[in-house]
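[1] I would like the atomic coordinates for the input below:
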Amino acid sequence: MSEHEQTGRPVPWREANPEAYAQLKRTWGVIGHSSVLMVLSLSLIGTSLTLGYLYWPGWLETFARLGTSGAAVGCGAVGLWRLVRALFRSVRAVIRTRRRGAEGKAQGAAGEESVPEAAPTAASS
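    Predicted coordinates:
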């Protein structure tokens, strides 16, 4: 008998699916970190654009712009990669949980149907 049937209250999804809930929780953390990387990337792009207004020698300005642009691209790429990977893992965990739930219901129904009935025994005289 499930907890829902025993207590009469529905079981929260996060308690019924701890693995998928943990993956979703990790995904929110990764989304936060990825957002920070994206903001850092935008800040570096702004820095790169601002360097043109400073009066530096040409080679130093070029070097600084290339450095900040490269860092911006790197931060953006890492942030985007982590975000996509985390979302893919979360979707996969939820699908896996639903599949297990469907298999569990199917096995439970098959188990109930496969219970052999007691065969009537012939009374020995």
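[2] could you find the residue nearest the spatial middle of this structure?
    residue 90 (2.6 Å; C-alpha atoms, centre = their mean).
[3] leaving out the residues flanking it, which one is nearest to it?
    Spatial nearest neighbour of residue 90, excluding adjacent residues (C-beta to C-beta, 6 or more residues apart in numbering): residue 27 at 4.3 Å. Glycine gets a C-beta too; all of them are placed from N, C-alpha and C.
[4] surely the one you found is in contact with residue 86?
    Yes - Residue 27 lies in contact with residue 86 (C-beta atoms under 8 Å); the separation is 4.5 Å.
[5] what about the helices in this protein?
    Assigned by DSSP state H, the helices in the chain fall at 3-7, 13-16, 18-50, 58-113.
[6] what's residue 90 in contact with, if anything?
    By C-beta atoms under 8 Å, 6 or more residues apart in numbering, the contact set of residue 90 is 20, 23-24, 27.
[7] possible to save the helices of the chain as TSV with mean pLDDT?
    Listed next are these as TSV, based on pLDDT from 0 to 100:
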stretch	mean pLDDT
helix 3-7	58
helix 13-16	80
helix 18-50	87
helix 58-113	83
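[8] most neighbours per residue, which of those?
    helix 18-50 (a mean of 15; mean count of other C-beta atoms under 10 Å).
[9] remind me what it packs against, helices and strands.
    Other helices and strands packing on helix 18-50, by 3 or more C-beta pairs under 8 Å, 6 or more residues apart in numbering; DSSP states H and E, are helix 58-113.
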